[in-house]
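Participant: have a look at this fold, sequence not included:
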């Protein structure tokens, strides 16, 4: 395969000295002067053979565990934009308060299966941000939390807090998967220090790394889809190999984020035909190496408008048709990832719920076909009040969250609100009635004490 | 199959006496008192065996022919709403002027493969409407026109006008397929007079009937999908059988329009999970009987907003994944079909173009993989100016019609227009620069003379 030849002949630049040492010890050819690492084909194949095909992430709450891989599909919310926007307060730099609200929204809808790092809490200093955001995730939600890889100390702090919340010790922690991170390579062909360190720390702790080259065709990757996918595949396999060298069997997912640049503006484009095709191709590559596949629900639109919706629909269908196991940024992503949008979050929840319902199998039986019901209604009549309908109508169809099914007159009389306006109403109501899931008082106190201690110690700066 | 048992044991009420005579002569059991027709299984199977699997519709213009069936997918525009709406002139009853504008828009985008009866020209009396709308279709477009089945005389007038435009005589006309109609059964289990007459007239003239039961689960059909599909399948097969009795080999397509009612309002719902599943099921049924399959790009939204887009995206993907050959209402449908929307038309064109581009195969070759290009860019560099990119970038990606790829700052400076606002701008510009395709002066005059003569004769009233 072309990607193996990229790893073997061209190599990947690995900026982290420890990672280079591990790779060299496992048989890679390392040039310390250029930091280039060339991966032997057999070493990559060996690594792929130890990576588990399905991973069970355990949530703190009841029914909050998530299967990653196989025939499962998990939706994760928007992760990491610097800004946040909504129709009430406008567009602004992300804050801890926004982070907390977005975690609360993610907790409120069952179609979101785990947390993501919603938005950057820019009002919290970098050395303390991980403490505050981890505390927010653990106190406002009982779903699997997300941890950023911003240096060993931040990761260690975050793991400790998670263990406190779960009530498990360090040994137990390593035996289950309780959290996940995303590793982005610096495409093309480069793995930086925090990312390499993240792969190592997560593999050692037995926690899930989603290794995701961000390869925009025509920018950080070749302009052709086969070229962009080849590069992405090589980079992902390099990260996966490192994880398996650290700990064979470490949970790892194959991430893809291949789209194209907008040729007019040079900006990243998402939800495009090229994005869909890249997703279909990446899904095939993930299945070829037998790993869970992560994709993304993205749009480049600057408003939660019609463009945002049709691009997201394309990204979502491309992902689902590609056999996606983990859909990141499933709800709330806007502006090519530069803002998290509250209205978009709710519109996406509706779309995700519709997709989830669409994927439910149709029962076909004598009773469901209902020849008797058909016989009961005379030609030109209607089925509204038949027994067959009355027995089923309450649960027969998906009940929409945002969609308005009124006719035009009734819709106009009720204010002629667009879907975006209704979405605004829904997030506000959801936050107003939000109650965090129960957490033992002693755990709450232990978490607070840990945060206070680490704050006094100066927190932890990213590398 | 359950649908055959519906035809055999329950039967269909056929209101048209001539159709009942034809069916009886072909072996159906007809009860004249109740107008019920029971279809023998063998008779239905015989009819299905003579219906052609692929139909070539011939357009007047160069490259305007459309294959219906097989691996082809044709997009037809919005067809038949009583009202029309746009952001400049508001919502209003449809007029001939609106009809002409919508035909001009359909002519302007190549992704629309044939015409539809866009909107009801309510300012034209019913006895003259077919003359005016046919004249509009033939003078403003060289794509295949649509003809409504509103009585034998209207159909005859329309065929005559089409023959004038094409320059073919009555014998030649019967040997090619130059137009199409949609036959809606009166679900459940009823075929009315204009529809039966339409099947007969179109089959005799060798023109395409798209036979489409409109079966909303929980209203005109059982509340379950298997039930609704069974009923729809029975009704479609009844219509197809009639067409093949009239003329074995007559071009006919299997139409489906199965969705659900909104259980809160009782109104029709579209683009729902149930609509998608029904489309996937209907596509299977069409392939089972070996006929071209028609589906619909529908939404119940009252505005061309986010709901309109996500419902349409669901309907579109359900249709495409179901193997759709003809997508009706592909552009411009709103309010569950009660309005044609100009902005929605343009948003749909963008979505259709994206889908068409997505369905183009990806070329995989040594050159497209571009290992040399990957080798040319050092780790952490970029591909913007490489030879591989420069050779391809102009045509590498789909060029959007509506989507704005600018970053947030640039977008805001350029007016922060939403996709709907940009769509409004696009239809106005498209109409402003519209030029009808050439039509010989003598044909234009002959058409005008025909319309004038028929107008003086009183036109033709629907039955």
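Facilitator: In hand now; what should we look at? Nothing here was measured: the structure is a model prediction, and the numbers come from that model.

Participant: mind checking if the lowest-mean-pLDDT helix or strand in chain A is in reach of chain B?
Facilitator: In chain A, the helix or strand scored least confidently by mean pLDDT, DSSP states H and E is helix A:393-396, which has a mean of 89. Yes. Helix A:393-396 lies within reach of chain B by CB under 8 Å from any CB of the partner chain, at A:393-394, A:396. To be clear about C-beta, it is placed using only N, CA and C from the backbone, and glycine gets the same treatment.

Participant: buried ones among those?
Facilitator: Neighbour-count burial (16 or more other CB atoms under 10 Å in any protein chain shown) is assigned, among the residues of helix A:393-396 next to chain B, to A:393, A:396.

Participant: and the closest residue to chain B within the stretch 251-400 of chain A, what is it in contact with?
Facilitator: Closest residue of the stretch 251-400 of chain A to chain B, CB to the nearest CB: residue A:262 (3.0 Å). If you count contacts by CB atoms under 8 Å, 6 or more residues apart in numbering or on different chains, residue A:262 has them with A:268-269, A:300, B:397, B:400, B:405.

Participant: inside strands: which ones of these?
Facilitator: A:268-269 (DSSP state E).

Participant: most neighbours among the contacts of residue A:262, which one?
Facilitator: Counting neighbours by other CB atoms under 10 Å in any protein chain shown, residue A:300 leads those with 31 neighbours.

Participant: please report the distance of the nearest residue to that residue once chain neighbours are set aside from residue B:407.
Facilitator: Using CB to CB, 6 or more residues apart in numbering or on different chains and skipping residues adjacent in sequence, the residue nearest residue A:300 is residue A:336, 4.5 Å away. Distance, residue A:336 to residue B:407, by CB to CB, to the nearest Å: 8 Å.

Participant: then residue A:209?
Facilitator: Remark: distance between residue A:209 and residue B:407 (CB to CB) = 30 Å.

Participant: more neighbours, the two?
Facilitator: Set residue A:209 next to residue B:407 and count neighbours by other CB under 10 Å: residue A:209 wins out with 26 against 18.

Participant: tell me the secondary structure of the more buried one, please.
Facilitator: The assignment at residue A:209 comes out as strand when based on DSSP: H, G, I helix; E, B strand; the rest coil.

Participant: contact partners for it?
Facilitator: Here residue A:209 is in contact with A:180-183, A:198-199, A:202-203, A:239, A:243, A:250-253 (CB under 8 Å, 6+ apart).

Participant: can you give the contact residues for the least confident helix or strand of chain A?
Facilitator: Contacts for helix A:393-396 (CB under 8 Å, 6+ apart): A:389, B:217-218, B:223-224, B:260, B:263, B:274.

Participant: out of the residues you listed, the closest to residue B:95 would be?
Facilitator: Residue B:95 lies nearest to residue B:260 out of the contacts of helix A:393-396, by CB to CB, at 32.7 Å.

Participant: residues contacting the closest residue to residue A:333 other than its chain neighbours?
Facilitator: The shortest distance from residue A:333 to any non-neighbouring residue, by CB to CB, 6+ apart, is to residue A:78 (4.5 Å). Residues near residue A:78 by CB under 8 Å, 6+ apart: A:102, A:116, A:118-119, A:329-333, A:340, A:345.

Participant: mind redoing it with 6 Å?
Facilitator: Going by CB atoms under 6 Å, 6 or more residues apart in numbering or on different chains, residue A:78 touches A:118, A:329, A:332-333, A:340.

Participant: over to residue A:317?
Facilitator: residue B:317.

Participant: before we move on, what SS does it have?
Facilitator: helix.

Participant: gap between it and residue A:241?
Facilitator: 32 Å.

Participant: got the residues of the stretch 51-200 of chain A near chain B?
Facilitator: Residues of the stretch 51-200 of chain A lying near chain B by CB under 6 Å from any CB of the partner chain: A:186, A:188-190.

Participant: out of the residues you listed, which is nearest to residue A:416?
Facilitator: In terms of CB to CB, no member of those lies closer to residue A:416 than residue A:186, at 48.2 Å.

Participant: so which strand or helix has the closest one?
Facilitator: Per DSSP states H and E: residue A:186 is located in neither a helix nor a strand.

Participant: verify the contact between it and residue B:380 for me.
Facilitator: Yes. With contact defined as CB atoms under 6 Å, residue A:186 counts as touching residue B:380 (5.5 Å).

Participant: the more surrounded of those two?
Facilitator: Taking other CB under 10 Å, residue A:186 and residue B:380 do not tie; residue A:186 has more neighbours (18 against 15).

Participant: got the phi and psi for the more buried one?
Facilitator: The phi and psi values for residue A:186, taken as degrees, to the nearest 10, are phi -90, psi 80.
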